[in-house]
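*Asks:* requesting a structural model of the entry that follows:
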Amino acid sequence: MKAPHEYLSSNIVLIGYRGCGKTTVAKELSALTGKPYVDTDDLIKQNTGKTIAEIFCDEGESQFRQYEKNVITELAQQPPEILSVGGGAILDPKNVTNLRTIGTIIWLQATADELRKRIEQHEATTSDRPALRGDNPFDEIANLLAERSPFYEKAAAHIIESTNLLPATIAKRIVELTNS
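*Replies:* Residues are numbered from 1 along each chain as shown. This is a model prediction of the structure:
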């Protein structure tokens, strides 16, 4: 019988909108396989000494995207085995090229309603991320999701509908996908 770390046959890159479960699934996948995970937002916070929300507020989204691009470019040189990336990373074609170099890209897809519920319930998602703008956060989530979905779909090698799945189940499916 193989050891758990032998079951993941390629590096994995998790993409998707905020709240879809990328970081949680990366942690589950790491626990299942024994392979470490890296989160681009964590690296950006570590490099800048600021939260993502502070970067957006103090320096703007374009500067955050540059930090993100720099981190992804660096990671492509020494790819991590499991990588979780920010929800907007796929908007830059150079990022997508580098992410494909890193590993198999998997889009954790969820409905706008489910994303709204998760974002509202998970404090780290609201306190450490840019504030949802506008009078109706659901509209913003739905609009951004609709805008980004074609980018996620184009970048992804696989799509996993995460709305009704537990993170551990998703991690097991990813292991199955990489071995099929």
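
*Asks:* quick one: low-confidence parts of the chain?
*Replies:* For the chain, the stretches with pLDDT under 70 are 1-8, 122-137.

*Asks:* let's see 90
*Replies:* The chain contains residues with pLDDT under 90 at 1-10, 53, 116-141, 176-180.

*Asks:* what's the burial count for residue 160?
*Replies:* Close neighbours of residue 160, defined as other Cβ atoms under 10 Å, add up to 21. Yep, even glycine has a C-beta here, placed from its N, CA and C like the rest.

*Asks:* also residue 151?
*Replies:* 18.

*Asks:* show me the contacts for it.
*Replies:* For residue 151, the contacting residues are 90, 91, 96, by Cβ atoms under 8 Å, 6 or more residues apart in numbering.

*Asks:* which of those fall in helices?
*Replies:* Residues of these located in helices (DSSP state H): residue 96.

*Asks:* could the contacts of residue 151 go into JSON lines alongside neighbour count?
*Replies:* Below are the contacts of residue 151 laid out as JSON lines (neighbours: other Cβ atoms under 10 Å):
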{"residue": "90", "neighbour count": "24"}
{"residue": "91", "neighbour count": "16"}
{"residue": "96", "neighbour count": "20"}
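
*Asks:* from what I see, residue 101 and residue 78 are in contact.
*Replies:* No. Under the criterion of Cβ atoms under 8 Å, residue 101 makes no contact with residue 78, lying 11.0 Å away.

*Asks:* ok, the two, which is more surrounded?
*Replies:* Legend: neighbour count by other Cβ under 10 Å for residue 101 and residue 78, higher for residue 101 (15 against 7).

*Asks:* biggest strand in the protein, by residue count?
*Replies:* strand 104-109 (DSSP state E).

*Asks:* neighbouring strands for it, and are they parallel or not?
*Replies:* strand 12-15 (parallel), strand 158-161 (parallel) (DSSP bridges).

*Asks:* list the buried residues in the helix or strand following that strand.
*Replies:* Remark: after strand 104-109, the chain's next helix or strand is helix 112-121, criterion DSSP states H and E. By neighbour count on 16 or more other Cβ atoms under 10 Å, the buried set for helix 112-121 is 112, 114, 115, 116, 118, 119.

*Asks:* closest to residue 82 among the residues you listed?
*Replies:* residue 118 (20.5 Å; Cβ to Cβ).

*Asks:* chain center to stretch 138-151, what's the gap?
*Replies:* The chain centre lies 15 Å from the centre of stretch 138-151; the measure is Cα atoms, centre = their mean, to the nearest Å.
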